[in-house]
Structure formats: C-alpha cells, structure tokens
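Student: Fold the following, please.
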Amino acid sequence: MDLILPLAEQYAAQFTSPEDELLARVHRETNAHPKAHMLSGHTQGAFLTFISRLLQPKRILEIGTFTGYSALCLAKGLASGGQLHTIEYREEDADTAQRNFNLSDDRDKIILHRGNALEIIPALKENWDLVFIDADKTGYIHYYDMLVPTMRKGAVILADNVFFHGEVLEESLKGKNAKAIQAFNEHVRQDKSVEHILLTIRDGLMLILKK
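Tutor: Residues are numbered from 1 along each chain as shown. Down below sits the predicted model:
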C-alpha cells in the first residue's frame, strides 16, 4: 500500500536539504540490500538530523542499526562530548554499518553493539536524551517500557514503522507485526507520562516526549 503518493515523496526530497557524500553512498549501496525497504532514506533521515540538532543530545540510543544510515543522521546533532549507541542483531548488517561509520567524521562518537537489545540496554546504564526505535516490531513495547521510566523530562523517543506498511489501517489485522505495532500505538496513547504525535513520514513515525 502506498501511504504517500510517490510524486509527493519525490517532491519532498527535492525540497529537502541534500544528503552529504557519505549518506548518499550508504543510501545507494543499501538499495542493493534484499531488505532495502528498511532504510530510513533521504527525507526521514533529514528529519532525524533536524530533531537531533534541535535537541543537541548528550546520549542517543538507536535500536536497530541496519546499514548505519539513520545513526549517521542522528549523530550530526550530538552535543560536544556526546555519544550515540546503536544496537544491531544481525552480524552482516552490523559489519556493513561499522564500515560506514569508519568513514564518518563522527566515527569516534558512534558505538556499535551487536546482539539482543533487551540484554544490552540495561548493561549500558545511560540516561538517554533521544531514542530511535526501528527494530523487531514485537519488541517495541518491551523497549518502550524499559526506557521511558528512566528517561528525563523532555527526552524524546522516535518509533519508526508505526503504520507497518499500512497494515494497521486495515479493518482486520492479520500479521503478528501489524498486531504488535497496533498494540504499541495503543500503549503509547494510554501512557499519561508522555505527549505524542504520529507523523505521516514514510511508514509512520511516532514522536514521543517524556513529560
């Protein structure tokens, strides 16, 4: 299901600040990946950079690195001395992401972790200013419940794919991922400790602010 008209997406990209050389390269090379649809892409990547630069976070957590594109975007807004921790379960994608990070001016600020995020996050013992969730959909609520209580007032969570390819818009939810995303969206809506807005960017992006 096309949630946004392709021409509208092309027009938005035309009037969005262009990718730098490294992002353009990662974008181009990731298009050959069998799961290329998982890439944040130009417009959403620019949005991630914009939010990060507005917040100027000291600590960013990304759950789901893929080939590193979104981490590279988020790292552009880090405050002086800041760090971005990103977690990837798949070894091959982690290898690709690390190669891409090594080419970045922000390479010393990006720390890649490999493995299960539910095990890695508690061990990091960080207070996150900005979190980007873009991993296994059935894990979204677990990640959210683990993180929100520990985050300071004004911290932000961004959750990707909250339309799940438009499947949450169907009258009858069929797949486990669509059901998991619908449950996550409802979970956030019921949480009185946050304010939230669902943005119609790409496959849906939930912007969540800790009160």
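Student: show me where pLDDT drops low in the protein?
Tutor: Along the chain, segments meeting pLDDT under 70 span 1.
Student: Recalculate using a threshold of 50.
Tutor: Scanning the chain for pLDDT under 50 picks out no residues.
Student: Need the residue closest to the centroid of it.
Tutor: Centrality entry for the chain: nearest residue to the mean C-alpha point is Phe132, 3.7 Å, by Cα atoms, centre = their mean.
Student: can you tell me which helix or strand that one belongs to?
Tutor: strand 130-133 (DSSP states H and E).
Student: With only the CA atoms kept, save the helix or strand that comes right after that strand in CSV.
Tutor: Counting by DSSP H and E, the next helix or strand C-terminal to strand 130-133 is helix 140-147. Once non-C-alpha atoms are left out, helix 140-147 reads as follows in CSV (Å, rounded to 0.1, in the frame of the first residue of the first chain):
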residue,chain,number,x,y,z
TYR,A,140,8.6,-2.2,20.7
ILE,A,141,6.5,-2.3,23.8
HIS,A,142,9.3,-4.1,25.7
TYR,A,143,11.9,-1.4,24.6
TYR,A,144,9.5,1.4,25.4
ASP,A,145,8.6,0.1,28.9
MET,A,146,12.3,-0.4,29.7
LEU,A,147,13.3,3.1,28.6
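Student: Is the residue nearest to the centre of the chain bridged to anything, and to what?
Tutor: Glu62, Leu158 (DSSP bridges).
Student: just checking, what packs against the host helix or strand of Gln10?
Tutor: Using DSSP H and E, Gln10 falls within helix 6-14. Helices and strands touching helix 6-14, by 3 or more Cβ pairs under 8 Å, 6 or more residues apart in numbering; DSSP states H and E, are helix 41-55. No exception for glycine: its C-beta is placed from N, CA and C like everyone else's.
Student: Does anything pack onto the helix it packs on? Which helices or strands?
Tutor: For helix 41-55, the packing partners by 3+ Cβ pairs under 8 Å, 6+ apart are helix 6-14, helix 21-30, helix 69-75, strand 130-133, strand 156-160, strand 205-210.
Student: ok, 7 Å please
Tutor: helix 6-14, helix 21-30, helix 69-75, strand 130-133, strand 156-160 (3 or more Cβ pairs under 7 Å, 6 or more residues apart in numbering; DSSP states H and E).
Student: what does that helix contact?
Tutor: 12-13, 16-17, 19, 23, 27, 40, 69-70, 73-74, 76-77, 129-130, 132, 156, 158, 201-202, 205 (Cβ atoms under 7 Å, 6 or more residues apart in numbering).
Student: CA atoms of it as PDB?
Tutor: This file holds the C-alpha atoms of helix 41-55, laid out as PDB (Å, rounded to 0.1, in the frame of the first residue of the first chain):
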ATOM      1  CA  GLY A  41      16.000   7.300   3.400                       C
ATOM      2  CA  HIS A  42      16.600  10.900   2.400                       C
ATOM      3  CA  THR A  43      13.600  12.700   3.800                       C
ATOM      4  CA  GLN A  44      13.200  10.800   7.000                       C
ATOM      5  CA  GLY A  45      17.000  10.800   7.500                       C
ATOM      6  CA  ALA A  46      17.000  14.600   7.200                       C
ATOM      7  CA  PHE A  47      14.100  14.700   9.800                       C
ATOM      8  CA  LEU A  48      16.200  12.600  12.200                       C
ATOM      9  CA  THR A  49      19.100  15.000  11.800                       C
ATOM     10  CA  PHE A  50      16.800  18.000  12.300                       C
ATOM     11  CA  ILE A  51      15.400  16.600  15.600                       C
ATOM     12  CA  SER A  52      18.800  15.700  16.800                       C
ATOM     13  CA  ARG A  53      20.200  19.200  16.100                       C
ATOM     14  CA  LEU A  54      17.300  20.800  17.800                       C
ATOM     15  CA  LEU A  55      17.700  18.600  21.000                       C
END
